[in-house]
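Enquirer: Please find the sequence and the predicted model below.
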Amino acid sequence: MSYCVIPPYILRKIINNGSAHQQDYARRTLMHVQHLMATHWQKPAAPPAASAGRVEREIYDAQNTQNLPGTLIRQEGQPGNNDVAAEEAWNYLGVTYDFFWRNYQRNSLDNQGLALRGTVHYGKEYQNAFWNGQQMVFGDGDGEIFNRFTIAIDVVAHELAHGVTESEAGLIYFSQAGALNESLSDVFGSLVKQYHLKQSADRADWIIGEGLLAAGINGRGLRSMSDPGSAYDDPMLGKDPQPGHMNDYIETRDDNGGVHLNSGIPNRAFCLAAKALGGYAWELAGRAWYDTLCDKELPQDADFATFARFTIRHGQQRFNQSVGQAIEQAWKEVGVL
């Protein structure tokens, strides 16, 4: 299964509203995304688990082709080559590994020391980044709508977190289970960013993809976890369509049943819980969400209400009743319970 950070509805807006070359790049990206969604990848063999606590990274350069993985330009122990996209990918893969290891004692995405591979300069002005089940892949954007896709640490961590979800819960990528899959990537993407910046829950911006939208676009990022529907409002991209409450849940066949749209509801629940609990969001709310993700009893087709009950239970089990109550209140505020 492949997961892309730019949802199809944004690419369709560009195809409707962009100039001729913008439409062309968006159309090619959208066609490629649809192809990716239908492609099943073989999981690579994991290295020996003896490397627990030590990240293994590899960065490749596709040199504006769509050949993967591309030319190997850096691995552990080697210096960088002053390519800004390669440096960002290298650093953010490392921070993401460090976050999961230090906070949850998780040894890479599969918990068995999987080497983290990233390919930069994929395609020509490719307007996306994706995880294909084997590695991270980053386009350069077009500089008019999107900047380079390595620019935002939470985008890198979002895509890598799909690998964690795939390895643990295997949530099916459709409807509410798919929206939870997307939301979990936003949650851990945001937590990696907050961890990197040493931000408490009340200091975080809760924006996914800050810096990704180019200078001429009116928006702060791709999504707002604290206020879904407010991330952007621009003639090119339209208005951010995400709902933040079950009253506004979107029934659609597009986007795998609205996985990038309705993820705003569990995103907001997490943000509310994290702010209510205070301190660093990865310590209490984040831990309850991580424990839920790793719970073998969680159904692969879990809906929001089922997932919510698991997070409440894990908050109580891991910490105490007041943590569980704060999590329950957050889910009630978004209309899930």
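Expert: Yep, that arrived.
Enquirer: where along the stretch 151-300 of the chain do the strands fall?
Expert: Counting by DSSP state E, counting those that start in this stretch, the stretch 151-300 of the chain has strands at residues 207-208, 223-224, 233-234, 238-239.
Enquirer: can you list these in a markdown table and add mean pLDDT, mean neighbour count and distance to Val84?
Expert: In this view, the C-beta of every residue, glycine as well, is placed from N, C-alpha and C. Shown next, in a markdown table, are the strands of the stretch 151-300 of the chain (pLDDT from 0 to 100; neighbours: other Cβ atoms under 10 Å; distance: least, Cβ to Cβ, whole Å):
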| stretch | mean pLDDT | mean neighbour count | distance to Val84 |
| --- | --- | --- | --- |
| strand 207-208 | 98 | 25 | 21 |
| strand 223-224 | 98 | 28 | 24 |
| strand 233-234 | 98 | 14 | 25 |
| strand 238-239 | 96 | 15 | 30 |
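Enquirer: between those strands, which gets nearest to Cys271?
Expert: Nearest of the strands of the stretch 151-300 of the chain to Cys271, taken as Cβ to Cβ: strand 223-224 at 8.9 Å.
Enquirer: what's that closest one packed up against?
Expert: When contacts are defined as 3 or more Cβ pairs under 8 Å, 6 or more residues apart in numbering; DSSP states H and E, strand 223-224 sits against strand 207-208.
Enquirer: Give me the distance from the helix ranked longest in the chain to the chain's centre.
Expert: In the chain, taking DSSP state H as the definition, the longest helix is helix 175-197. How far helix 175-197 lies from its chain's middle: 5 Å, per Cα atoms, centre = their mean, to the nearest Å.
Enquirer: what's the closest of the strands of the stretch 151-300 of the chain to Val334?
Expert: Closest among the strands of the stretch 151-300 of the chain, using Cβ to Cβ: strand 223-224, at 13.7 Å.
Enquirer: Generate a markdown table for the strands of the stretch 151-300 of the chain, with distance to Ser51 as supplementary columns.
Expert: A markdown table is the format used below for the strands of the stretch 151-300 of the chain (distance: least, Cβ to Cβ, whole Å):
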| stretch | distance to Ser51 |
| --- | --- |
| strand 207-208 | 30 |
| strand 223-224 | 34 |
| strand 233-234 | 44 |
| strand 238-239 | 45 |
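Enquirer: And the ones you listed: which comes nearest Ala281?
Expert: strand 207-208 (14.0 Å).
Enquirer: ok, the closest one: who's next to it in the sheet?
Expert: strand 223-224 (antiparallel) (DSSP bridges).
Enquirer: Give me the contacts around the partner strand.
Expert: Strand 223-224 has contacts (Cβ atoms under 8 Å, 6 or more residues apart in numbering) with Asp186, Trp206, Ile207, Ile208, Gly209, Ser230, Ala231, Asp240, Gln242, Ser263, Gly264, Asn267.
Enquirer: Number of residues surrounding the last one?
Expert: I take that to be Asn267. 28 (other Cβ atoms under 10 Å).
Enquirer: In contact with it, which residues?
Expert: Asn267 neighbours (Cβ under 8 Å, 6+ apart): Ser183, Asp186, Val187, Arg223, Met225, Pro228, Gly244.
Enquirer: OK, contacts around the closest residue to the last one other than its chain neighbours?
Expert: If I follow you right, that is Gly244. Here the nearest residue to Gly244 in space, its sequence neighbours aside, is Pro228; by Cβ to Cβ, 6 or more residues apart in numbering that works out to 3.8 Å. When contacts are counted by Cβ under 8 Å, 6+ apart, Pro228 touches Asp240, Gln242, Pro243, Gly244, Gly264, Ile265, Asn267, Arg268.
Enquirer: so what pLDDT did Pro228 get?
Expert: Note for Pro228: predicted pLDDT of 98.
Enquirer: What's the separation between it and Leu272?
Expert: Separation of Pro228 from Leu272 (Cβ to Cβ, to the nearest Å): 12 Å.
Enquirer: How many residues are close by Leu197?
Expert: Counted by other Cβ under 10 Å, the residues lying close to Leu197 total 11.
Enquirer: oh sorry, the question was meant for Arg102
Expert: 12.
Enquirer: repeat for the one 3 residues further on
Expert: Residue crowding around Gln105 was assessed by other Cβ under 10 Å; the count is 10.
Enquirer: how much space is there between it and Tyr290?
Expert: Applying Cβ to Cβ to Gln105 and Tyr290 gives a distance of 10 Å.
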